[in-house]
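Visitor: Give the three-dimensional model of this entry:
(chains A and B)
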There are 2 protein chains.
Amino acid sequence: MKKPYRKKDLPVAEIRRYLEPGPTVLVSSHWKDDTNIMTMGWHTVMEFSPSMIGCMITAANYSFELIKKSKECVINIPTHDMIDEIIGIGNSTGEEIDKFSEFGLTAVAAEKVKAPLIKECYANFECKVIDEHLLPKYNFFVLEVVKAHVAVSPKYPRTVHYRGDATFMISGRNLSYPGKFKSQNL
Amino acid sequence: MKKPYRKKDLPVAEIRRYLEPGPTVLVSSHWKDDTNIMTMGWHTVMEFSPSMIGCMITAANYSFELIKKSKECVINIPTHDMIDEIIGIGNSTGEEIDKFSEFGLTAVAAEKVKAPLIKECYANFECKVIDEHLLPKYNFFVLEVVKAHVAVSPKYPRTVHYRGDATFMISGRNLSYPGKFKSQNL
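Guide: Residues are numbered from 1 along each chain as shown, chains lettered A, B, ... in the order given. Reported below is the predicted structural model:
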């Protein structure tokens, strides 16, 4: 079994460091007696402070109702070594199986929401739904990140980025250009 | 000067192949006598058909008014060899300079919008603003892609993905897992 990451708190205004590069994420949710996980690729950072994320979740997805009813979820960032779980979770439904048990993942209690953190993931962002204006027409949730946990190391996780057609891009090297940025544009 | 890519039309329902991995993009816009380019990292695919993208553009940005007034823009995907242009465009303002001329880029007429395509970019998606419900509060535009152009090769471009703090992740290798996906989940 995968060794879990040791984690630290991250200021919620800094989650863009992990989400803006565009990784495929796992969304955990909970409502009444039901807990689920889904794989998601359609998300964007929307603001630093309050810390906001927007995401599209197909209404046919079993997680959609759990998130809509509880108005909460956790966005978990898996690393490349979890590719089997990422694909398996995306190709099964919580209507038929308990994904935590099926994929050997550990649910850890979150601090500010009832949806669980996935312990094996590199980062966990606890979120509350704060705007539903685009929900009826586009299934688009606006979330506020209320608590963020990230692995102490490595600094840059090896994430997967879905291209469609069963193909993932694996995050590559990191290059810094500190002298070329104005401070307000960092 | 960079050799331009030879391009083909792409069905608009397939743009997720290029945007879902999360590349930093260049947004071109046009209103009256004014044309501009901005660098953008906060975007997401929202639907296959109609082909939709959501994106957050700070209202202080010079491009914001051009896009809001014209209700159009082009999302251009630059490759890693354009890193100087990507950073330079993000660290300057159209209020002071003509970015096409300043950065040696070629404006090509689009087919369905007045904003120009950036010839040197790997892909160009012509977009119309179709929903402004989240604009006043969050500066969030909902766009429909009405025409898409992509380079004939390479199949997978080497894109840059911003991590904040002057650091970019460069897209790495691509791995396919065709046997592990259900057809409706590709």
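Visitor: pLDDT value on the nearest residue to residue A:118 once chain neighbours are set aside, please?
Guide: Once flanking residues are discounted, residue A:118 sits nearest to residue A:76: 4.3 Å by CB to CB, 6 or more residues apart in numbering or on different chains. For every residue, glycine as well, the C-beta is placed using N, CA and C. Reported pLDDT at residue A:76 in the predicted model: 98.
Visitor: check contacts around residue A:76.
Guide: A:25-28, A:117-118, A:121, A:123-125 (CB atoms under 8 Å, 6 or more residues apart in numbering or on different chains).
Visitor: Same check on residue A:63?
Guide: Applying CB under 8 Å, 6+ apart, the residues contacting residue A:63 are A:27, A:29, A:36-38, A:57, A:73, A:94.
Visitor: one step back: now, which of the contacts of residue A:76 lie within helices?
Guide: Judged by DSSP state H, helices contain none of those.
Visitor: Pass me the low-pLDDT residue ranges in chain A, would you?
Guide: Chain A contains residues with pLDDT under 70 at A:1-2.
Visitor: hey, where'd the strands end up in it?
Guide: Assigned by DSSP state E, chain A shows strands spanning A:7-10, A:25-31, A:34-40, A:43-47, A:52-56, A:72-77, A:107-108, A:117-118, A:123-131, A:140-151, A:160-162, A:167-176.
Visitor: Just send the ones you listed back as TSV, with distance to residue B:47 too.
Guide: Conversion of those to TSV gives the following (distance: least, CB to CB, whole Å):
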stretch	distance to residue B:47
strand A:7-10	31
strand A:25-31	18
strand A:34-40	14
strand A:43-47	14
strand A:52-56	7
strand A:72-77	20
strand A:107-108	31
strand A:117-118	27
strand A:123-131	18
strand A:140-151	9
strand A:160-162	16
strand A:167-176	20
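Visitor: Need the residue closest to the centroid of chain A.
Guide: The centre of chain A sits closest to residue A:75, judged by CA atoms, centre = their mean, with a distance of 2.5 Å.
Visitor: excluding its backbone neighbours, what's nearest that one?
Guide: Among residues not flanking residue A:75 along the chain, residue A:125 sits closest, at 4.4 Å (CB to CB, 6+ apart).
Visitor: what separates the one you found from residue A:76, distance-wise?
Guide: Computed as CB to CB, to the nearest Å, the residue A:125 to residue A:76 distance reads 8 Å.
Visitor: which one among the contacts of residue A:63 gets closest to residue A:143?
Guide: residue A:73 (7.2 Å; CB to CB).
Visitor: what's near enough to touch that closest one?
Guide: A:27-29, A:63, A:66-67, A:113, A:115, A:127, A:129, A:143.
Visitor: Which residue does chain A have closest to chain B?
Guide: residue A:22 (1.3 Å; CB to the nearest CB).
Visitor: Just give me the neighbour total for that residue.
Guide: Residue A:22 has 28 neighbours, counted by other CB atoms under 10 Å in any protein chain shown.
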